[in-house]
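K.L.:
I would like the atomic coordinates for the input below:
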Amino acid sequence: LLFANSDMVTVPLVMAVTFTQSVDQMHVGVAFADPAQRTFGVCEFIDNDVFSNLEALVIQLGVRECLVKQEPANKQLQQKTLTDMLDRCGVVATECARSLFSADVEQDLGRLAKTTVPVLSLPELDLKAAMASLSAIIQYLNLLADESNFGAFALSTHSLSQFMKLDASAVQALNLLPSLHDGASKTMSLLGLLNHCKTSQGKRLLAQWLKQPLLNVDDIEERLSLVEFFFNDTESRDIIRTAHLRSMPDFKRLSNRFQRGFATLQDTVRVYQVIIALPALCDALAACTDSQALINKHYLQELLKITEDLGEFRSLVETTVDLSMADSHEFMLRADFDDGLQETMAKMDAEMRNITAEHERACEDLDLESKRLKLEKHSTFGHCLRVSRTDGARLRGKNTRYFELSTLKTGVFFTTPALRESSRSYRTLSDSYTREQSSLVKEVIKVAASYSPVLERLNTVVAHLDVILSFAEASAMAPVPYTRPVLTSGDVHLVAARHPCLEVQEGVNFIANDVEMTRDGSNFVIITGPNMGGKSTYIRQIGVIALMAQVGCFVPCDSAQLPIFDCILARVGAGDAQLKGVSTFMAEMLETASILKTATDKSLVIIDELGRGTSTYDGFGLAWAISEHIVKEIKCKCLFATHFHELTELESIYPSVDNRHVMARITSTGTAATGQRDLTLLYKIGSGVCDQSFGIHVAELANFPESIVRLAKRKVEELEDFGSAKPQETKMDVDNAEFSKEIMANGSKLIERFLSEFTNTPELAEMDAGRVSKRVKELKDKYETDIASNAWVQHVIATL
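P.N.:
Numbers count the residues shown, from 1 in each chain. Here you go, the predicted structure:
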């Protein structure tokens, strides 16, 4: 599945889709909802018949389930195309009744939307198809049944044009997200490699950014400048990450708890602890003088405003919550907040004095300092005593006074009769205090909940800062530090480019390669060479580097110049989807059709083998035709790894095609009789065509039986001899060089007269075979003398 193993960082979005079809295009209306974050999104767009734009949207949003409308028989083909696309993206397609997709959504939206203007004036209501999809989501999720949802859902319009488009194949080919095959190694995916985030919200935002690369150059440059500052300023990076971000809670989820009425005093204190720590974070950011303008714009100004806006929240906690008890993980209102609470607290204080006194008596009796004999509050045993397992020997012989509760690695837990009684009394009083304060706590939390919008603003700032710092950390800590990419208008120039995930794997000594793709000389690059030689890695690392640049991260190169790509599309691998009823070849053709309909001259297309699921001749013909279409019509940057060496002839036809190959060396290791040779893969990319095939050598490396290898070599030689043999003289493709042009011209005129007279024979169409043969003989006799005098005509007749 596309989003397997990424539950920790992706948002469980539900989407609904409706579409109408015209002659050659689809009008698609989409709505999506995040019930946990209480957000709605809508958009409408024109799509092709394979839903390429919708596929890009599904990937951008990380959708898990999609509601589709039950369609009549005349739309079943389009419906299957839609569900196949969703299945390819790992999205569950749920078919719903057409009645759910109602355009009359104003009343429901009016109850759910968080807006300061009348719902009827919202511009999103003009998107009729999207509103029908939104109606389906509201009913499917039964959102109106929960009154806490009323006035809580933010509504926004999503624009496809603000982000790079990625298809499902590209997400898999570039290893953006963790998969089931990665095992325990998080660095096998780009998300795992770049994830040095310290907060939950940072991890979620990082996953979102990787699926939503930017198209606006200014926005990308701002991210790169922030990463560059923290890349260079190691001290600031470490201080902010370890001293400040590490302790930040998930404010979005805290905000949701407050809004839904599930928050506790502990949540309130947690927010308070962050508030009192914010000034120190602001000071750390203010010390970043080298990029002060950007730091102010993205972080400092907003954090200072948030600190000010949360000032009353801080006062609320300090005047109502007993912060001294919070240090021991007891969350209570101040006793002076209510007379009844004050009385109960006095009794609790008395019992706590008894508990402390018993602790002191035990220290004296066992001759241990208080730092060696700890007084602890255990979740099961209540207040009890703990010593190390070594000091536990002192309890022997004193069983009448001390009762052992548990022995763990952390030590021996024990109690005394007096301590046990005081602990029980304290717990009873504490429970009573909690019951007495419950109504007051609800009032405090209700006031605290009004600050949820401010907490969400804080969440946004912290997540952004965390991801930028994560990019800087990943760039600085790579085996070879990453470099800042330079965004250009057209060409690709990468020096010593590397695949970021492969270079960090244990035991891998990665061989870097340069990359150059220019519009006039190497827009379409064909890569040939042996299996395992690095073709796939080479073409995929270029896609990964392009994507990293457009999310605002440094890239694994010595230097990099890249244009802005509007989409990255891929056709990779030859894995069958037979369990879904789709063969290797059909999967190839579906993916390729989507690429041809989606790609523009600003796209990057990655093709790793094409045409292998059918006969060699059909496969080559399709590969040639598709390549030629990309070169002549689309004119996008394309990397094509292939074993069809005949494709390299495109370079001699089109100036924008460039041939490259992965280099290998063959060395003889045996005697002349055995002819044994070793294949050494160099993993370097060279110009030109690979001058030989290495398939049999790879089979030798795989320890194929020697008899099979010998037979394979003999069959290759036979095929090469057959292919180079001269045509026989009896074929129609005769060698005309032995006849003069005059004889051939006269002969051609003679044949034309013969055929013209035959075709103009009256009632020719009504003649039977006997009469037709008789007519041919008549004409042959008529022209017998002329035929006898022209050797070329005689030669043509002899070849028939």
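K.L.:
centroid-nearest residue for the protein?
P.N.:
Per C-alpha atoms, centre = their mean, the C-alpha nearest to the average position across the chain is that of Leu176, at 4.1 Å.
K.L.:
Glu318 in helix, strand or coil?
P.N.:
helix (DSSP: H, G, I helix; E, B strand; the rest coil).
K.L.:
how about the nearest residue in space to it that is not next to it in sequence, what does it touch?
P.N.:
Nearest residue to Glu318, sequence neighbours excluded (C-beta to C-beta, 6 or more residues apart in numbering): Tyr272, at 7.8 Å. Every residue, glycine included, has its C-beta placed from N, CA and C. Contact analysis of Tyr272 by C-beta atoms under 8 Å, 6 or more residues apart in numbering lists Phe313, Arg314, Val317, Glu318, Val321, Leu323.
K.L.:
next, give phi and psi for the residue nearest to the centre of the chain.
P.N.:
Main-chain dihedrals, Leu176, degrees, to the nearest 10: phi -70, psi -40.
K.L.:
about what we covered before: from the contacts of Tyr272, which is closest to Glu221?
P.N.:
Phe313 (36.2 Å; C-beta to C-beta).
K.L.:
tell me which element that closest one is part of?
P.N.:
Following DSSP states H and E, the helix or strand that holds Phe313 is helix 311-320.
K.L.:
and the very next helix or strand once past that helix, average pLDDT?
P.N.:
The element immediately downstream of helix 311-320 (helix or strand, assigned by DSSP H and E) is helix 323-326. For helix 323-326, the mean per-residue pLDDT is 84.
K.L.:
in helix 323-326, what's buried?
P.N.:
Met325, Ala326 (16 or more other C-beta atoms under 10 Å).
K.L.:
elements contacting it?
P.N.:
On a contact count with 3 or more C-beta pairs under 8 Å, 6 or more residues apart in numbering; DSSP states H and E, helix 323-326 meets helix 265-286.
K.L.:
tell me the mean pLDDT for the helix it packs on?
P.N.:
95.
K.L.:
immediately after that helix, which helix or strand?
P.N.:
Next in line after helix 265-286, if elements are assigned by DSSP H and E, sits helix 292-295.
K.L.:
identify the residues contacting that next one?
P.N.:
Glu222, Ser225, Leu226, Phe229, Leu285, Ala286, Cys288.
K.L.:
got the phi and psi for the last one?
P.N.:
Pointing back at Cys288 there. Main-chain torsions, Cys288, degrees, to the nearest 10: phi -80, psi 70.
K.L.:
oh, and call the first residue 5 from now on, that's how I've got it
P.N.:
Yes, from this point I'll number from 5; that puts the last item at Cys292.
K.L.:
could you pull up the residues touching it?
P.N.:
Phe233, Asp237, Ser240, Ile299.
K.L.:
go again with 6 Å.
P.N.:
Ser240, Ile299 (C-beta atoms under 6 Å, 6 or more residues apart in numbering).
K.L.:
circling back: and the helix holding Phe317, what's its mean pLDDT?
P.N.:
On average, helix 315-324 scores 92.
K.L.:
stretch 89-108 now?
P.N.:
On average, stretch 89-108 scores 90.
K.L.:
got it, and stretch 788-800?
P.N.:
79.
K.L.:
show me which residues of it are buried.
P.N.:
Neighbour counts over stretch 788-800 (16+ other C-beta under 10 Å) mark Ile791, Asn794, Trp796, Val797, His799, Val800 as buried.
K.L.:
before we move on, which element is the fifth one in?
P.N.:
Which is His799. helix 795-803.
K.L.:
so which elements touch that helix?
P.N.:
Other helices and strands packing on helix 795-803, by 3 or more C-beta pairs under 6 Å, 6 or more residues apart in numbering; DSSP states H and E, are helix 745-763.
K.L.:
dump the C-alpha coordinates for the helix or strand immediately after the helix it packs on in the chain into CSV.
P.N.:
Sequence order places helix 773-786 as the next helix or strand after helix 745-763, per DSSP H and E. Extracted in CSV, the C-alpha atoms of helix 773-786 (Å, rounded to 0.1, in the frame of the first residue of the first chain):
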residue,chain,number,x,y,z
ALA,A,773,-11.6,-17.3,-61.8
GLY,A,774,-11.4,-19.0,-65.2
ARG,A,775,-12.3,-15.9,-67.2
VAL,A,776,-9.8,-13.8,-65.1
SER,A,777,-7.0,-16.2,-65.9
LYS,A,778,-7.9,-16.2,-69.6
ARG,A,779,-7.8,-12.3,-69.6
VAL,A,780,-4.3,-12.3,-67.9
LYS,A,781,-3.0,-14.8,-70.6
GLU,A,782,-4.4,-12.6,-73.4
LEU,A,783,-2.5,-9.6,-72.0
LYS,A,784,0.7,-11.6,-71.5
ASP,A,785,0.6,-12.8,-75.1
LYS,A,786,0.0,-9.2,-76.2
